[in-house]
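Participant: Got a sequence here, can you build the structure:
(2 chains)
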Amino acid sequence: MRKKENKLSMTLHKIKEERTTYLMLLPNLIMFVVFTIYPIAWALSFMFYEYKGFGEKKWIGIDNFIRIFTRDHDFWDSVIHTLEYVGLKLIYTLPLALLLAVLLQKSCRRNSVAQSVIFMPTIMSQAVMALIFYLIFNTYNGSANQYLQSLGIINQPINWLGVNLAMVTVIIVAVWGGIGNYMIYFIAGLTGIGEEIYESARVDGAGDIRIFFSITLPMLAPVLKMILMLALVISFMDYQSIMVLTGGGPLGATNVMFLYVYQLFFPISPGSRAPQEFGYGAAVSLVCAAIVGIFVGIYLILARRLDNLTE
Amino acid sequence: MKRILKLSLLVLLVLSLVIVFTGCGKKDEPKETKPIEKSEATEAPKEEEPKEEASAKETTEDEKVTIRYWSTNRHDKAYIDETIEKFNKENDKIFIDYEVYAENFSQMIDLAFSTDSAPDIFQLPLQVNDTVPKGYIAPLDDFMDDEYKARFGENAFIEGVNMVDGKIYSLPYTSSECRLFYNQSIFEKVGIEGPPASLEQMVEYAKKITDELKGEGIYGFACNFASPGSSILRSVDPIVQKSGGVREGYDFKAGKFDFSSYKPVVEAFREIFNGGYGFPGSESMNIDPLRTQFAAGKIGMYLSVSHAEPGVYATQFPTEENWNCAQVPSVGGEIKGKQQLWYGGYYYGISSKTKYPQEAWEVFKYIHSDEVLKGYFEANLGEVMIPTAKEGANPPETYIRMPDLQINDNDANWPALPANLVVEGKLYADVFVAAIFGQIDVDAAIEDLNTRYNAAYDKLVEEGAERIIYPNFDPINQDLSK
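Facilitator: Now for the predicted structure:
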């Protein structure tokens, strides 16, 4: 009992000493609770109910989860589309961003202008961006097909937003939109590598490619780990530009997890009389969060094991 | 110094907390208002008699009450903008803030109500008996007297169309019917004399046009499949109904869902689109991009709605193309059923959350006034359903040139469908679009839809909904006797 009292008084004393720090954290904590924790808790409170967004909520226990795992093939299709999207987006975005970072890292006016131009899509509205690309990739008279046909590369217009190529188009837009952001992260990481390391490598006769693989990449590893994790989480949660560009179509070809959740809360197909399903949507969103958590967890375990191997 | 710095930081923190909590604070509760006294006026707004109680918000002479009014119509925007501007100039108490949301309108309405930012008046995205349970719209009975109701004609107020449980929630405004729109010049170019009289002819003409004119970038048929619900409702559904089939899968005679009557129609569309005769990119095309291509003379024919297209090709996408309108074809050319009106009997609603019900009603009356709708009809923006508004009006030029634009005996309001049905999995429109593009077998699609829709409806009935069944019903006579 006396030990507990001592521990408590020590804690209180510590809080008193660092009260300014805690007070500075308080607004952020309040905002986090009010605008993040509370809405999540509110949404998840529906997951054991059948609720259409109005009227009474009906308790149904774990029926929503049974439906997800036994009857909802559309949801699992959306999970597969999400994995396809995440995989392809990361494969193209990160190496390109790294290459651009290496090429543009030196501080000069030309590089600053190039960095600004490449970074611009990051600060543009995703919805506006997607709308513009819809016009560019329009099958019949979009500018992409017009240019390709005028250059003689194709004879017939490419159905960019058709079932077979819609995901490719979505990836192109995603890579264009994300490359600038990751380039900046990589540049920040590269500036942490001392110039003297490169100089001594050059003195030893190492070429640019050897320097890149033997010095730059290994030294960038901690930053790369963080960027990869961020990119993974962000890509899993992407849906805004897909919603505007294809609406998850055509025929569900680009319907990703969080767009599927969105459509359960706010059905977007006009004239289809699809009712809102808050309860089921809440359950699906929890499963989606768990799926993202699993993949991030797997990544962190692999990354740690790789660290242990290389140490 | 350190102490002063710490103190200043503390003061700043407290101030920021105060600002945050003030910003998130509750708004004042609106005052209660009495419903407006029954009014006779249907023309432009006049000075109101002094009211016994104040409106929800006190307005000074300098302040106007803003009534937010949302619509999804683009074809009549220019005309409505003019009428709104006139109202705003002449009315010193109310300002109408008119906005048009082209896509995802139903979603916009749901979002607006979820975030407590709903407009005061809005176009109803769903039928009335789907919207009323959501609590979005207010009954209008207390605003109207018998004289006002009489201007809408006999049998204007129908349970399930604009009434729920005996209360009126919306008023007849304009109606719209699905029609076939075709390019006469393209037809003449390939030697087709007139519009198709049957579904089979429609497929044949679509193939002929594409085969002969594909090299010029002209295709026989198009559809806006990017929105499956919208496209199927304006194309496949009216053909099914006219051919003696059901409305959106529901068999009113048997009291259950049966999608089998969709088979010949879906197979015909599959022949066009999966066979490569449809406009390229139809699966990802919305209605407005489709209309631009029709206006550019690249599409032979498509199915759409009579209220929108004339205005679209006059103001939204003006065209020099020689286009015309015809009745929707049916299987074998035989008419065995009436087509459901796209809109008919309901249109706008007043939000149940409006803080200014009296002012909203004033605007609602103005929207439905003879003055506004007479001009609307003459400008060929829609088939007006209010008889007093059409009295003495000059029929638009397009009605004379294209008599099929008008409502006829083959257009009718079918009975109301089961409301708030929660169907697991894809809805019928999405399934049929997939079948049209060859992704799934038509028979398998129909069997799957019957199973899932009936399971959902049986569950609704078990929970207390009354099964809708009219034993003597048939699509042509629409007999609702029990």
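
Participant: excluding its backbone neighbours, what's nearest residue B:122?
Facilitator: Counting by C-beta to C-beta, 6 or more residues apart in numbering or on different chains, residue B:122 lies nearest to residue B:70, which is 4.2 Å off, once chain neighbours are set aside. Where you see a C-beta, it was placed from the backbone N, CA and C, and this is true even at glycine.

Participant: Strands of chain A, start to end?
Facilitator: Along chain A, counting by DSSP state E, strands occupy A:49-50, A:58-59.

Participant: Of those strands, flag the one that's most buried.
Facilitator: Comparing those by mean neighbour count (mean count of other C-beta atoms under 10 Å in any protein chain shown), strand A:49-50 comes out on top with a mean of 19.

Participant: quick one: strands adjacent to it?
Facilitator: strand A:58-59 (antiparallel) (DSSP bridges).

Participant: Averaged pLDDT, the strand it pairs with. What do you get?
Facilitator: Across strand A:58-59, pLDDT averages out at 92.

Participant: starting at the chain centroid, how far to it?
Facilitator: 34 Å (C-alpha atoms, centre = their mean, to the nearest Å).

Participant: Ok, stretch A:154-170 next?
Facilitator: Its chain's C-alpha centre and that of stretch A:154-170 lie 24 Å apart, by C-alpha atoms, centre = their mean.

Participant: So it, near chain B or not?
Facilitator: Yes. Under the criterion of C-beta under 8 Å from any C-beta of the partner chain, chain B is reached by stretch A:154-170 at A:157, A:159, A:161-163, A:166.

Participant: neighbouring contacts of that stretch?
Facilitator: A:81, A:84-85, A:88, A:133-134, A:137-140, A:142, A:144-145, A:148-149, A:241-242, A:245-246, A:249-251, A:253-254, B:280-281, B:283-284, B:437, B:439 (C-beta atoms under 8 Å, 6 or more residues apart in numbering or on different chains).

Participant: got it, and stretch A:232-240?
Facilitator: Applying C-beta under 8 Å, 6+ apart, the contact partners of stretch A:232-240 are A:82, A:85-86, A:89-90, A:126-127, A:130, A:174, A:178, A:256-259, A:262, A:291-292, A:295-296, A:299.

Participant: swap the cut-off to 6 Å and go again
Facilitator: A:86, A:89, A:126, A:256, A:258-259, A:292 (C-beta atoms under 6 Å, 6 or more residues apart in numbering or on different chains).

Participant: among those, which are in helices?
Facilitator: Assigned to helices by DSSP state H, the following of the contacts of stretch A:232-240 qualify: A:86, A:89, A:126, A:258-259, A:292.

Participant: Who wins on neighbours among the contacts of stretch A:232-240?
Facilitator: In terms of neighbours by other C-beta atoms under 10 Å in any protein chain shown, these top out with residue A:256 at 28 neighbours.

Participant: mind checking how far the closest residue to that one other than its chain neighbours is from residue B:132?
Facilitator: Excluding its sequence neighbours, the residue lying closest to residue A:256 (C-beta to C-beta, 6+ apart) is residue A:82, at 4.4 Å. From residue A:82 across to residue B:132, the span is 37 Å (C-beta to C-beta, to the nearest Å).

Participant: Which residue ranges make up the domains of chain B?
Facilitator: For chain B, the structural domains run B:65-175+B:343-406, B:178-340+B:414-462, going by automatic domain parsing.

Participant: Need phi/psi at residue 155.
Facilitator: No chain specified, so I'll use chain A. When read as degrees, to the nearest 10, the backbone of residue A:155 gives phi -100, psi -40.

Participant: actually residue B:221, not the one I wrote
Facilitator: Note on residue B:221: backbone dihedrals following degrees, to the nearest 10 are phi -150, psi 150.

Participant: Please, where are all the strands along the stretch 351-482 of chain B?
Facilitator: Assigned by DSSP state E, counting those that start in this stretch, the strands in the stretch 351-482 of chain B fall at B:383-384, B:411-412.

Participant: contacting residues around the first one?
Facilitator: For strand B:383-384, contacts defined as C-beta under 6 Å, 6+ apart pick out B:174-175, B:373, B:377, B:390, B:407.

Participant: who does it pair up with?
Facilitator: Here strand B:383-384 is paired, per DSSP bridges, with strand B:174-175 (antiparallel).

Participant: so which of the strands of chain A gets nearest residue B:268?
Facilitator: With distances scored as C-beta to C-beta, the stretch of the strands of chain A nearest to residue B:268 is strand A:49-50 (38.3 Å).

Participant: mean confidence score for the closest one?
Facilitator: Mean pLDDT, strand A:49-50: 92.

Participant: Which of the contacts of stretch A:154-170 fall within helices?
Facilitator: A:81, A:84-85, A:88, A:133-134, A:144-145, A:148-149, A:241-242, A:245.

Participant: Buried ones among these?
Facilitator: Among the ones in helices among the contacts of stretch A:154-170, the ones that count as buried by 16 or more other C-beta atoms under 10 Å in any protein chain shown are A:81, A:85, A:88, A:133-134, A:144-145, A:241-242, A:245.

Participant: picking that back up, pick the most deeply packed of the strands of the stretch 351-482 of chain B.
Facilitator: strand B:383-384 (a mean of 23).

Participant: ok so, going back, what's the farthest-apart pair in the contacts of stretch A:232-240?
Facilitator: Greatest spatial distance among the contacts of stretch A:232-240 (C-beta to C-beta): A:126 and A:292, at 19.1 Å.

Participant: what number of residues lie near residue A:307?
Facilitator: Residue A:307 has 12 neighbouring residues, counting by other C-beta under 10 Å.

Participant: ok, it to residue A:258 distance?
Facilitator: When residue A:307 is compared with residue A:258 (using C-beta to C-beta), they lie 31 Å apart.

Participant: okay, the residue nearest to residue A:256: pLDDT?
Facilitator: Residue A:82 is given a pLDDT of 97.

Participant: interface residues of the stretch 51-200 of chain A facing chain B?
Facilitator: Proximity of the stretch 51-200 of chain A to chain B, by C-beta under 6 Å from any C-beta of the partner chain, involves residues A:54, A:139-140, A:159, A:161.

Participant: mind putting the residues you listed in a markdown table, neighbour count and pLDDT included?
Facilitator: Shown next, in a markdown table, are these (neighbours: other C-beta atoms under 10 Å in any protein chain shown; pLDDT from 0 to 100):
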| residue | neighbour count | pLDDT |
| --- | --- | --- |
| A:54 | 15 | 76 |
| A:139 | 22 | 86 |
| A:140 | 23 | 80 |
| A:159 | 21 | 91 |
| A:161 | 26 | 93 |
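
Participant: So what's the residue count around residue B:466?
Facilitator: By other C-beta under 10 Å, 8 other residues sit near residue B:466.

Participant: ok, now residue A:277?
Facilitator: Residue A:277 has 22 neighbours, counted by other C-beta under 10 Å.

Participant: Can you tell me how far it is from residue A:50?
Facilitator: Applying C-beta to C-beta to residue A:277 and residue A:50 gives a distance of 8 Å.
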